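Student: Sequence plus predicted model, see below.
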Amino acid sequence: MSVITIERKVLEKNDEFARRNRTLLESHGILALNLVSSPGSGKTSIVERTLEHLGKDLRFGVIEGDVQTDLDAQRVARYQVPVVQIVTNGGCHLEAKLVQDALAQMDLAGLDVLIIENVGNLVCPANYDLGEAMKVVVLSTTEGDDKPLKYPGMVRNASVLLINKIDLIPYVGCDLATLRGNALKINPHLQVFETSCTDARGIAGWCRWLREKEARKS
Amino acid sequence: MHELSLAQDIVEIIRQYVPEDRAGYVRTVKIKVGPLAGVVADSLDFCFGAIVGDTPLRHARLDIEATRLQSVCSACDTTFTVEGSSFLCPQCGSIDNSLVSGTELQVVEIELSDLPAGEI
């Protein structure tokens, strides 16, 4: 019996593409966000409200990940920003190589912020680095205040938590303090915002933070 | 649930170390999987078996070691195992800590027998 000791990361190929994406994005001074959540938590609505709020001040690009359709890209294209759709055909997450291909279709010199909307899934995208500066996780009140405890991998990897659909709290029995507390128990460094894409509560605060973050990027 | 593509990545790593004419000698491939790697061990094992089924690597099996989720407290420097969903330091109660293990997904080693499978 002979043994070959190797210690190799299974996802090293993805990590290498992610490293290249990060270098490319940073060389253009682009702040890249990887927007993650379960399906239906309001990622695309967050993108739309953010574009409405900051579209005049910052130059955005959007990469839309979807399992099956280009519906989200159509929604985002109405805001006159460059958008590239990635359809994964059933794939449960975006990979760095797919993002590299999408970046090749964009004029990066004209961008300040890139939003990558991942496939709706709180498990798989947590482990695939895309080359982003940070992960922004969206949890909606309709999903329940225990969600952070069920998806610690994602909450742990995120820099920002948007608690979305706060306008629905009276109907869904979600306790905001509990949700926030559960998230901070797993990742005390999370920047947390409470938002509603319907009545626009909290959007200004999130956008103010994003604008400051963009201004401070190296 | 992307274990099939992970199994393909594992096969690709094995092929980088084991020449085609030695593939029939591979018996065990040791893998380390952390609780936060987002991987179902049984599913990975099943997918690996399906991929290597008709290839010279068909005698290889995965030996999957589940690692523990461990963190170091930023306040008192205690290393502790995260149980359930509590990341609180059991020593001082601080919530600020850095993971030292639990996210890994690694191919650790490949064991080859001295004889091809048919001659054991």
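Tutor: Sure thing, it's come through.

Student: Excluding covalently adjacent residues, which one is nearest to the residue sitting furthest away from the middle of chain B?
Tutor: When distances to the mean C-alpha position of chain B are computed (Cα atoms, centre = their mean), the maximum falls on B:Cys92, with 31.9 Å. Leaving aside its sequence neighbours, B:Cys92 sits nearest to B:Cys76 (Cβ to Cβ, 6 or more residues apart in numbering or on different chains; 4.4 Å). C-beta coordinates here come from the backbone N, C-alpha and C atoms, glycine included.

Student: and that neighbour, what is it in contact with?
Tutor: By Cβ atoms under 8 Å, 6 or more residues apart in numbering or on different chains, the residues touching B:Cys76 are B:Cys89, B:Gln91, B:Cys92, B:Ser94.

Student: Separate out the buried members of those residues.
Tutor: With burial judged by 16 or more other Cβ atoms under 10 Å in any protein chain shown, the buried subset of those is B:Cys89.

Student: Now flag whichever of the contacts of B:Cys76 is closest to B:Arg61.
Tutor: If you rank those by distance to B:Arg61 using Cβ to Cβ, B:Cys89 comes first, at 38.6 Å.

Student: residue contacts, the residue nearest to the closest one when sequence neighbours are not counted?
Tutor: Using Cβ to Cβ, 6+ apart and skipping the chain neighbours, the partner closest in space to B:Cys89 is B:Cys73 (3.9 Å). Contacts for B:Cys73 (Cβ under 8 Å, 6+ apart) come out as B:Thr79, B:Phe80, B:Cys89, B:Gln91, B:Cys92, B:Ser94, B:Asp96, B:Asn97.

Student: Which members of the residues you listed are positioned in helices?
Tutor: Of the contacts of B:Cys73, none are assigned to helices by DSSP state H.

Student: hmm, which two among the residues you listed are most spread apart?
Tutor: B:Thr79 and B:Asp96 (14.1 Å).

Student: List, one by one, the residues from chain A near chain B.
Tutor: Residues of chain A lying near chain B by Cβ under 8 Å from any Cβ of the partner chain: A:1-11, A:13, A:91-93, A:123-124, A:126-127, A:149-150, A:152-153, A:156, A:182, A:184-189.

Student: Now a PyMOL select for only the buried ones of the residues you listed.
Tutor: Only the buried entries of the residues of chain A next to chain B go into this PyMOL selection, using 16+ other Cβ under 10 Å:
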select buried, chain A and resi 6+9+10+11+91+92+93+123+124+126+127+149+152+153+156+182+184+185+186+187
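
Student: Name the residues that touch the helix or strand hosting A:Ala73?
Tutor: Per DSSP states H and E, A:Ala73 falls inside helix A:71-77. For helix A:71-77, contacts defined as Cβ under 8 Å, 6+ apart pick out A:Thr44, A:Val47, A:Glu48, A:Leu51, A:Val62, A:Glu64, A:Asp66, A:Val83, A:Val84, A:Gln85, A:Glu117.

Student: What is the most widely separated pair among the residues you listed?
Tutor: A:Leu51 and A:Asp66 (17.7 Å).

Student: In the longest helix seen in chain A, which residues are buried?
Tutor: If you go by DSSP H, chain A has its longest helix at helix A:12-27. For helix A:12-27, a neighbour-count test (16+ other Cβ under 10 Å) marks A:Asn14, A:Phe17, A:Ala18, A:Arg20, A:Asn21, A:Arg22, A:Leu24, A:Leu25 as buried.

Student: now stretch B:6-19
Tutor: Neighbour counts over stretch B:6-19 (16+ other Cβ under 10 Å) mark B:Leu6, B:Ala7, B:Asp9, B:Ile10, B:Val11, B:Ile13, B:Ile14, B:Tyr17, B:Val18 as buried.

Student: ok, which stretches of chain A are helices?
Tutor: A:12-27, A:43-54, A:71-77, A:96-103, A:147-150, A:152-157, A:169-172, A:176-186, A:203-216.

Student: which regions of chain A sit below the pLDDT cut-off?
Tutor: Scanning chain A for pLDDT under 70 picks out A:218.

Student: Revised request: answer the last question for chain B.
Tutor: B:1, B:118-120.

Student: OK, contacts around A:Phe17?
Tutor: A:Glu95, A:Ala96, A:Lys97, A:Val99, A:Gln100, A:Gly131.

Student: for chain B, longest helix please?
Tutor: helix B:3-17.

Student: Just after that helix, pick out the following helix or strand.
Tutor: Next along from helix B:3-17, by DSSP H and E: strand B:26-33.

Student: what packs against that next one?
Tutor: Other helices and strands packing on strand B:26-33, by 3 or more Cβ pairs under 8 Å, 6 or more residues apart in numbering or on different chains; DSSP states H and E, are helix B:3-17, helix B:41-52, strand B:61-66, strand B:105-112.

Student: Could you identify which of the ones you listed is most buried?
Tutor: Among the helices and strands packed on strand B:26-33, strand B:105-112 has the highest mean neighbour count (mean count of other Cβ atoms under 10 Å in any protein chain shown), at a mean of 20.
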